[in-house]
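Participant: everything below, folded, please.
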Amino acid sequence: MNLIFTLIFVISAAVMAFINPESVLSSLTNGGRKAVELSLALTAVYSVWSGISAVAEKAGINSKISAFLSPVVNFLFGKQDEETKKQLSLNLSANLMGLGGIATPAGIKSAELLSAKKDERGLNTLFILASTSIQLLPSTVISLRSQFGSVSPSDIFLPTLLSTSISTLSGLLLLHIFSK
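Facilitator: Reported below is the predicted structural model:
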């Protein structure tokens, strides 16, 4: 993958140097600056939500979320032990809130637990849910749009809800069809 991105970068820079040589350095500098700004903005968002997640863990809220989402987890993944259910519930709830970066550690732990049990269907379901993730509140994107000056950053709520719902349901339907 690194090779592909490197080739894309080198070819793009070469074409740009040929077409408009004066703008190559300024474009690279501006692109780097924007990448750093975006990284800092995402760091701030994830820091806040990571802190909230840590407080929720210590306050026992994660256990309550796990209990609340238990019927959904049982429906999607079958009967699972408590730790697997907890990690799956945390992953699902973070994805529902549009916090993919916060969902990742719980998703990795869930994948490890499902893999140890050799639960291939559970792993496939987790992969589909993590990659399509229905977002009830796309908070990361809304906060980024807000930080970068969007006039109405929450306008993406309905389109995001519709598109993620369709992609998740389609993925789960295809999994059901092809797993038989």
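Participant: make it CA atoms for all contacts and neighbour counts henceforth
Facilitator: OK.
Participant: for this structure, what's the longest helix?
Facilitator: Using DSSP state H, we find that the single longest helix of the chain is helix 24-59.
Participant: helix or strand next in line after that one, which one?
Facilitator: Counting by DSSP states H and E, the next helix or strand C-terminal to helix 24-59 is helix 61-77.
Participant: mean confidence score for that following helix?
Facilitator: Across helix 61-77, the average pLDDT comes to 83.
Participant: which residues touch the most centrally placed residue in the chain?
Facilitator: For the chain, the residue nearest the mean C-alpha position is residue 100 (2.6 Å; C-alpha atoms, centre = their mean). Contacts for residue 100 (C-alpha atoms under 8 Å, 6 or more residues apart in numbering) come out as residue 94.
Participant: and it, what's its pLDDT?
Facilitator: Residue 100 is assigned 74 on the pLDDT scale.
Participant: going forward, begin numbering at 357 instead of 1
Facilitator: Okay, using 357 as the starting number, the last item reads as residue 456.
Participant: roughly how far apart are it and residue 437?
Facilitator: Applying C-alpha to C-alpha, to the nearest Å, the value for residue 456 to residue 437 is 24 Å.
Participant: repeat that for residue 412.
Facilitator: Distance, residue 412 to residue 437, by C-alpha to C-alpha: 21 Å.
Participant: repeat for residue 359
Facilitator: Distance from residue 359 to residue 437, by C-alpha to C-alpha: 41 Å.
Participant: same deal with residue 473?
Facilitator: With C-alpha to C-alpha as the criterion, residue 473 and residue 437 are 11 Å apart.
Participant: also residue 382?
Facilitator: As judged by C-alpha to C-alpha, residue 382 and residue 437 stand 55 Å apart.
Participant: how many residues are close by residue 371?
Facilitator: Other residues near residue 371 come to 13 when the count uses other C-alpha atoms under 10 Å.
Participant: check contacts around it.
Facilitator: Counting by C-alpha under 8 Å, 6+ apart, residue 371 touches no other residue.
Participant: and the pLDDT at it?
Facilitator: On pLDDT, residue 371 comes in at 90.
Participant: just residue 462 next, same as before
Facilitator: 86.
Participant: ok, and for the strand or helix carrying residue 448, which residues are buried?
Facilitator: Secondary structure from DSSP H and E places residue 448 in helix 438-452. Neighbour counts over helix 438-452 (16 or more other C-alpha atoms under 10 Å) mark 440-452 as buried.
Participant: what kind of secondary structure is residue 507 in?
Facilitator: Using DSSP: H, G, I helix; E, B strand; the rest coil, the structure places residue 507 in coil.
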